[in-house]
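Visitor: predicted coordinates and the sequence they were generated for:
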Amino acid sequence: MTTPSIVRLDPSAAEILLAQYGIRTPAQLVVRTCADAVEAAARIGFPVALKIIAADVSHKSDVGGVRLNLASGEDVEQAFYDITAGLERAHPDSHAEGVHVQRMVTGGTEMFVGAKRDALWGPFVLCGVGGIFVELLGDVVMQPAPLTASVATAMLHRLKAAPILSGYRGGVVRDSKALVNLLLAVGQLMVDRPDVIEIDLNPVLVLAIGDGALAVDARMVVDVQTRVTAPGVAAATAPPVASTAVERMLNPVSVVIVGASGDQEKIGGRLLRYVGKHGYAGRLYLVNRHGGEINGVRVYRSVRELPEVPDLACVAVPGRAVVDVIEDCGAVGTRAAIVYTSGFGETGGDGRRREATLAAAARRHGVRLCGPNTVGIVSAASRCCVAFSMALELDAAARGEIALLTQSGALGGSLLSRCWAEGIGISRWICSGNEADLTVADYLNHLVDDPATRVIALFLESVRDPEGFRKACRRAADARKPVVVYKTGRSAAGARAVESHSGALAGDALLYDAVFRSLGVVQVHDLQSVMDVAQALSWQATPKGRRIAVVSTSGAACSIVADECEKADLQIPALTDATRRRVAAAIPDFGVSDNPIDLTAQVMVNPSMFGQVLDAVLDEPDIDALLMMLTTNADPPAIEVARNIVAAAQKSGKPTVVVRTGAESLAPQSLEVYRQGYVPVFPMPDRAVRTLRSMVEWAEIVGKEA
């Protein structure tokens, strides 16, 4: 147990609480002595089951602590001796707190229902295959509480073992509705009772239709120090989002660099260089306590000397001077500041105390902060690059409709540079740093309303404001603005309160899967996919379904793509007879006119074949998206191929992605045709298929919200 206040609820008390929420359990009693066990069995009625109760035993069967189908008092007496003696042998330092005597229940399908209260995100409900296989098979789904009937039903459908509830291979059809109601009840219990930390109902026997579901074994963990309020009491509202401050950071009319320097090795020097290099058109002021000039521009000694109140202060001074600068900003009326200086919370101990002092000073003087320990902000939409990332050494800060929000400056800067190098435009890049004040949730909420941004890509390490994050993501889903998230790292959010099925299964990965799914966020599982998916969603229409047409110049490539689509649960449907005839008329006799379509290498001799085939395929009503698979082609003939593909994609309005496995250096002009036509190109088919899968997930999110 993690703290003395976390205790396992007595089985009788757990049974009473479950009953209040309509959760059925078999008749049962808890006893301490063998004689009481025999008497309890007689009162309940034979046959019965006996189960050991011990605080440090999660898996009773592992220590021989379960006996079933006991038909007489003699059986009960022997079983009592066996399970208590077995516990002593397996755990000499442990002791039995009691024995559970329970009416024997047979039949039904064994399922697991659990719940866990996460320190960051609150309560979650789990459901999966039950009995002794719950952790071995790991067929478990998870959803934030409370649930709705449709969400609970969808949870069951996501289980790999879902068919077993509907009479798989001639089996009994089980009462899935009763299981849904049980999930709803557990979710509501977790919402109403903040003292409940974990619930394990394993097994839950799901009986035949009309007979319901029984929680055969129930375990509940509570925090006795948590105050329980009446159900329905509203949580405190989150503080208002600092949208005005974020707006000033993204689109400032005037900027002051505090700590400006002529030395390019210093942050203040790099900032000054990059602001000028990338064409900031607003008014720029320089401050350094030494005064003087830099490149002929006056340097003021303090923010208090400036001739106007700047919208944004870029603070690049030593840590000991940061609070004084923020106080000066507050005094003159500057309400937004980026603090680049490190040595705060990221260093622990004293650094955390310095960060708390900085945050308190900012609040006291009405200044909202980005950082500290941030690389800064690049706002390509307004040509304001107030960052010191070496990505800004690139000459062109390509403008686009993707906002990139990161907590890591180093990795975020590398993503930014790769995007620009590959011709992917960015509207905003924000590195949130330590988030002493403004958090990811604040920036995300503002970007939902940003007219320059169509897609938000998020590289996420942790969430400091879960309620604000929830609200921002839901606003984005309501606004039909995709949020693509790559979550990395592990945090205390995934730690167990106690050793149990719910604690063991509700780890970070499953927890964040559930959070993102509930918020309408598109989650990707590798760094490359962050920008792949953001680019595709920014450039292409939303697919209406998961039916993919595959067209290639290679039969082997067709097979590879088909395999990848199957793994991604994307469909490659057969084409209609009419479409097949149109395709067959355009390709050689030895080609393949059904989906996936093999154009053969002859298409390189006759590039116009692309236009005829793609028009036919994209006219097919049962096709939702196109994957065009090319091997190696070179300019100039590759240019005509690209023009045909772009023209067909733009004409149909259906999402189209291209895989081109040949060297990029062979076809730079054709690659530019794709970029100008907003058709994503991938070097390998797995990346393209993963991207299509994420686009389909977004389409399904939009469909549910509609």
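Guide: Arrived safely.

Visitor: pLDDT score for residue 497?
Guide: On pLDDT, residue 497 comes in at 38.

Visitor: average model confidence for stretch 668-687?
Guide: 95.

Visitor: from the chain's centroid, how far away is the longest helix along the chain?
Guide: Longest helix in the chain, counting residues (DSSP state H): helix 685-705. Chain-centre distance of helix 685-705: 14 Å, with Cα atoms, centre = their mean, to the nearest Å.

Visitor: which positions in that helix come out as buried?
Guide: Residues of helix 685-705 classed as buried: 685, 687-701 (neighbour count, 16 or more other Cβ atoms under 10 Å). C-beta: built from backbone N, CA, C; applies to glycine.

Visitor: between those residues, which is closest to residue 311?
Guide: residue 698 (34.6 Å; Cβ to Cβ).

Visitor: sorry, back to before: just the buried residues of helix 685-705 now: which is nearest residue 266?
Guide: For the buried residues of helix 685-705, the nearest to residue 266 is residue 687 (39.4 Å; Cβ to Cβ).

Visitor: please report the distance of that closest one from residue 693.
Guide: 11 Å (Cβ to Cβ, to the nearest Å).

Visitor: partners of the helix or strand harbouring residue 49 in the sheet?
Guide: According to DSSP states H and E, residue 49 maps onto strand 48-53. Sheet pairing of strand 48-53 (DSSP bridges) gives strand 66-70 (antiparallel), strand 98-103 (antiparallel).

Visitor: in a markdown table: those, plus distance to residue 626 and mean pLDDT.
Guide: Shown next, in a markdown table, are the strands paired with strand 48-53 (distance: least, Cβ to Cβ, whole Å; pLDDT from 0 to 100):
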| stretch | distance to residue 626 | mean pLDDT |
| --- | --- | --- |
| strand 66-70 | 57 | 90 |
| strand 98-103 | 59 | 87 |
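
Visitor: next one: the strand holding residue 49 to chain centre, how far?
Guide: Worked out by Cα atoms, centre = their mean, strand 48-53 lies 41 Å from the chain centre.

Visitor: break this protein into its domains for me.
Guide: Listed by automatic domain parsing, the domain ranges of the chain are 1-24+107-224, 27-104, 243-537, 541-705.

Visitor: if you average pLDDT over each of those, which comes out lowest?
Guide: domain 27-104 - the lowest mean pLDDT of the domains of the chain, at a mean of 84.

Visitor: end to end, how far does it reach?
Guide: In domain 27-104, first residue to last residue: 9 Å (Cα to Cα, to the nearest Å).

Visitor: let me know whether residue 515 touches residue 123 as I believe.
Guide: No - here residue 515 lies out of contact with residue 123, judged by Cβ atoms under 8 Å, at a distance of 12.0 Å.

Visitor: alpha carbons of stretch 349-362, as PDB, please.
Guide: C-alpha atoms of stretch 349-362 as PDB (Å, rounded to 0.1, in the frame of the first residue of the first chain):
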ATOM      1  CA  GLY A 349      15.000  21.200  -5.500                       C
ATOM      2  CA  ASP A 350      16.100  24.800  -5.400                       C
ATOM      3  CA  GLY A 351      15.200  25.200  -9.100                       C
ATOM      4  CA  ARG A 352      11.500  24.300  -8.300                       C
ATOM      5  CA  ARG A 353      11.500  26.900  -5.500                       C
ATOM      6  CA  ARG A 354      12.900  29.500  -7.900                       C
ATOM      7  CA  GLU A 355      10.200  28.700 -10.400                       C
ATOM      8  CA  ALA A 356       7.500  29.000  -7.800                       C
ATOM      9  CA  THR A 357       8.900  32.400  -6.900                       C
ATOM     10  CA  LEU A 358       8.900  33.500 -10.600                       C
ATOM     11  CA  ALA A 359       5.300  32.300 -11.100                       C
ATOM     12  CA  ALA A 360       4.200  34.100  -8.000                       C
ATOM     13  CA  ALA A 361       5.900  37.300  -9.100                       C
ATOM     14  CA  ALA A 362       4.200  37.000 -12.600                       C
END
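
Visitor: what residues does it touch?
Guide: 319, 322-323, 326-327, 330, 337, 339, 343-345, 368-369, 372, 434, 436-437 (Cβ atoms under 8 Å, 6 or more residues apart in numbering).

Visitor: okay, and which of the residues you listed map to helices?
Guide: Per DSSP H, the subset of the contacts of stretch 349-362 in helices is 319, 322, 323, 326, 327, 330.
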